[in-house]
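Q: let me see the structure of the following:
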Amino acid sequence: MDFLPTKALIIGVGITVSLAITSAILFTLNQLTFIYQDVYKTDISIKDLFVEFSKDETPTVTGLEVYNIAKKYKNSTMILVKIEETGDVINTKTWLDLWDSGDVGHTSKLEINRLYVIRYEFDNNKNVTVFFKRK
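A: Purely as a prediction, here's the structure:
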């Protein structure tokens, strides 16, 4: 009879430890689920951004649309907008400010009325480079 309180205490502690371990495992799995959902949403949203460019086999836009796309992705860390001939990254605040002030050199200047062909590439870090080439 002397061991009854000790056995009850051991059983109570065992149940408490089991519940704590199970709760920790379930909490960790729940957090991993949220993380993977965010990663999946990010991957889908990046691909959805460029659905507009994949409507045609060789999609073309005007220089004004190129400028608007550069403004849309201004200072993006995951998306680079480049002019293929010059290699200039045009979605930087510096380039856009120079463009707006008219100080961009003639080699990198966008021609508003010219047509541009779009292509884009994904790199290993899930970054996207959108290339515009004069048609």
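Q: report the rounded mean pLDDT for the helix ranked longest in the chain.
A: Longest helix of the chain, by residue count under DSSP state H: helix 4-49. If you average the pLDDT over helix 4-49, you get 83.
Q: and residue 39, what does it touch?
A: Contact analysis of residue 39 by C-beta atoms under 8 Å, 6 or more residues apart in numbering lists nothing. Quick note: C-beta positions are derived from backbone N, CA and C, even for glycine.
Q: can you rerun that using 10 Å?
A: Counting by C-beta atoms under 10 Å, 6 or more residues apart in numbering, residue 39 touches residue 126.
Q: next structured bit after the longest helix of the chain?
A: Past helix 4-49, further along toward the C-terminus, the next helix or strand under DSSP states H and E is strand 60-62.
Q: how about residue 128, nearest residue that isn't a chain neighbour?
A: Closest residue to residue 128 apart from its sequence neighbours, by C-beta to C-beta, 6 or more residues apart in numbering: residue 79 at 4.9 Å.
Q: give me the neighbour count for the closest residue to residue 77 other than its chain neighbours.
A: In space, and not counting its chain neighbours, residue 77 is closest to residue 127: 8.0 Å by C-beta to C-beta, 6+ apart. Applying other C-beta atoms under 10 Å, we find 14 residues neighbouring residue 127.
Q: equivalent analysis for residue 116, please.
A: Neighbours of residue 116 under the rule other C-beta under 10 Å: 21.
Q: for it, give me the pLDDT.
A: 85.
Q: with residue 1 instead?
A: With respect to pLDDT, residue 1 has a value of 59.
Q: contacting residues for the closest residue to residue 111 other than its chain neighbours?
A: In this structure, residue 111 finds its nearest non-sequential neighbour in residue 63, 4.9 Å apart by C-beta to C-beta, 6+ apart. Residue 63 is in contact with 83, 109, 110, 111, 112, 113, 114, 115, 116, 132, 134, counting by C-beta under 10 Å, 6+ apart.
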